[in-house]
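1. sequence first, predicted model second:
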Amino acid sequence: MPSDLHVHTTFSDGRLSPEEIVAAAKKAGLTYIAISDHDTIDGIRHLYEEGLYPCKGVKIIPGIEFSAHNVGHEVHIVGYNIDMFNTALQEKLDEVVESRWVRFSKMIEKLQAMGYGITEAEVLKLAGESKSISRSHIAQALVERKFFRDISQVFDEIMYKNGPAYVSHYRLSVAEIIALIRQAGGLAVLAHPKLIGDDALVREIIDAGIDGLEVFYPQHDAADTEKYLQMAKEHQLIITGGSDYHGIPTRYPQELGEFVIDDSFAEVIYRQMK
Ligand code: AMP
Ligand code: MN
Ligand code: MN
Ligand code: MN
């Protein structure tokens, strides 16, 4: 049976609401899903408040995706089994999300100076209920205004890390993220190691005390998967995987259930839930 441990909702930069994700997961026959929004656990709390977590028919693992501080590389760490009512976690997330708002304004100013006349209001309309404003939302607005063909082109040309339209926001260090996840009862997993683009850095992060490695990922080919599988085994890390589903057209996978992992990997994490 299939599972997916990396899914975004409307509470960050995903297209489907948490309710829609749960429905889509049931329809696709998924056993486990982990909701892993950027810098927020509001989507999980929302499901809890709506009586959809815990849920009949699909086992939900509460997760979160952090972006770590690193000057040259994009380093993402996913936390699984985090306590959605943990105060220290929520306080840090509030700080990060707040700095995303400041960064959002700076990016809009930068884009306007570059000749792309988009406004904060346009982006916010697309961002809907998300309070965790990201580059994806801004990129969507630029595509909507036909400045670019699709979101990938926006990232490739101007919005890549340290690119002309890029502005950084407050990010915790790898060590701080691992500690924050752990004190909230969770497991820290290094997300999409290939996308970091530097295996020496991947090893450094493993040595910093990460619990798991996202071995299975859409952009990992067979050789990458084998390499990270060996790395995980060598360091006795938990092996995870997921689709990084956003529901954005032109970004694979288009549907939940198209990229899945075996339940046995999800089971290991679920069993460690308090
Ligand atoms: P942020 O966290 O605001 O810096 O935005 C990063 C988000 O943008 C990631 O989580 C991805 O969802 C999205 N993203 C990054 N690179 C690309 C890309 N090349 N194409 C489409 N989306 C991307
Ligand atoms: Mn994203
Ligand atoms: Mn990521
Ligand atoms: Mn993600």
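-> Received the coordinates, thanks. Ligands and ions are numbered 1, 2, ... in the order given.
2. mind naming the longest helix for this structure?
-> When the chain is scanned for its longest helix (criterion: DSSP state H), the result is helix 87-113.
3. all strands for the chain, in order.
-> 2-7, 32-35, 59-68, 75-80, 187-190, 212-216, 238-241, 261-262 (DSSP state E).
4. okay, now the sheet partners of the last one, with direction.
-> Strands adjacent to strand 261-262 in the sheet, as given by DSSP bridges, are strand 2-7 (antiparallel).
5. nearest to ligand 3, of the strands of the chain?
-> Among the strands of the chain, strand 75-80 comes nearest to ligand 3, with 3.7 Å by CB to the ion. (Glycine included, C-beta is placed from N, CA and C.)
6. how about the residues of the stretch 151-274 of the chain by ligand 4?
-> residue 244 (CB under 5 Å from the ion).
7. ok, now with 8 Å
-> Applying CB under 8 Å from the ion, we find that the stretch 151-274 of the chain lies next to ligand 4 at 191, 192, 244, 246.
8. count the residues that sit near the second one.
-> The burial count assigned to residue 192 is 23, neighbours taken as other CB atoms under 10 Å.
9. check the first one too.
-> In terms of burial, residue 191 registers 24 neighbours under the definition other CB under 10 Å.
10. use 594 as the first number for this chain going forward.
-> Got it, first residue is 594 now, which makes that one residue 784.
11. quick one: contacts for it?
-> 599, 658, 669, 670, 671, 807, 810, 837 (CB atoms under 8 Å, 6 or more residues apart in numbering).
12. can you redo these as CSV with pLDDT and distance to residue 728?
-> Listed next are the contacts of residue 784 as CSV, based on pLDDT from 0 to 100; distance: CB to CB, whole Å:
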residue, pLDDT, distance to residue 728
599, 98, 18
658, 98, 14
669, 98, 13
670, 98, 18
671, 98, 18
807, 99, 20
810, 98, 20
837, 98, 15
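13. in JSON lines: those residues, plus neighbour count.
-> Shown next, in JSON lines, are those (neighbours: other CB atoms under 10 Å):
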{"residue": "599", "neighbour count": "27"}
{"residue": "658", "neighbour count": "23"}
{"residue": "669", "neighbour count": "21"}
{"residue": "670", "neighbour count": "25"}
{"residue": "671", "neighbour count": "27"}
{"residue": "807", "neighbour count": "27"}
{"residue": "810", "neighbour count": "22"}
{"residue": "837", "neighbour count": "26"}
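14. all set now, cheers.
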